[in-house]
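**Student:** Sequence first, then the predicted structure:
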Amino acid sequence: MIIDDSNTIRRTAEALLKKAGYDVFTASDGFEAMSLITSNQPDIIFVDIMMPRLDGYQTCQLIKNNKKFRDTPVIMLSSKDGLFDRARGRIAGSRSM
């Protein structure tokens, strides 16, 4: 699953993953993602940090607080790579940033 408010990034990532043989679901924000995650049960989730309404940190926390998806890997995507940003991503439950 790819969660990003940028249509360009969503479509590009979707095309690359589909070309590699993966089934891909996309969402434009955390709220939309939560319903899709529940119904599609993705094996891995890529989430942008900077999004309106629910940011990537909040979305990751919601995913990780759900027993059913606690072990689903969440990879946070961002141009932010500072120590604070990495620590905040780890606290939210992401595996990588």
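**Tutor:** Received, thanks.
**Student:** Not counting sequence-adjacent ones, nearest residue to P42?
**Tutor:** What sits nearest to P42 in space, not counting adjacent residues and going by C-beta to C-beta, 6 or more residues apart in numbering, is M1, at 3.9 Å. Backbone N, C-alpha and C define where each C-beta goes, glycine included.
**Student:** nearest spatial neighbour of E14, skipping sequence neighbours?
**Tutor:** In space, E14 is closest to V24, 4.7 Å off (C-beta to C-beta, 6+ apart).
**Student:** And the one you found, how far from R70?
**Tutor:** Using C-beta to C-beta, to the nearest Å, V24 is found at 22 Å from R70.
**Student:** which of the two has more neighbours?
**Tutor:** In terms of neighbours (other C-beta atoms under 10 Å), V24 is the more surrounded of V24 and R70; the figures are 17 against 10.
**Student:** Next, the contact list for the more buried one, please.
**Tutor:** M1, I2, A13, E14, L17, K18 (C-beta atoms under 8 Å, 6 or more residues apart in numbering).
**Student:** Kindly indicate whether the fifth one is helix, strand or coil.
**Tutor:** For L17, the secondary structure call by DSSP: H, G, I helix; E, B strand; the rest coil comes out as helix.
**Student:** mind saving the C-alpha coords of the helix or strand harbouring T8 as PDB?
**Tutor:** If you go by DSSP states H and E, T8 is part of helix 7-19. The C-alpha coordinates for helix 7-19 follow below in PDB (Å, rounded to 0.1, in the frame of the first residue of the first chain):
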ATOM      1  CA  ASN A   7      -0.800  12.000  -7.000                       C
ATOM      2  CA  THR A   8       2.500  12.000  -8.900                       C
ATOM      3  CA  ILE A   9       4.300  10.000  -6.200                       C
ATOM      4  CA  ARG A  10       1.400   7.600  -5.700                       C
ATOM      5  CA  ARG A  11       1.100   6.800  -9.400                       C
ATOM      6  CA  THR A  12       4.900   6.500  -9.900                       C
ATOM      7  CA  ALA A  13       5.300   4.200  -7.000                       C
ATOM      8  CA  GLU A  14       2.300   2.200  -8.000                       C
ATOM      9  CA  ALA A  15       3.600   1.800 -11.500                       C
ATOM     10  CA  LEU A  16       7.000   0.600 -10.300                       C
ATOM     11  CA  LEU A  17       5.600  -1.900  -7.800                       C
ATOM     12  CA  LYS A  18       3.000  -3.200 -10.300                       C
ATOM     13  CA  LYS A  19       5.800  -3.700 -12.900                       C
END
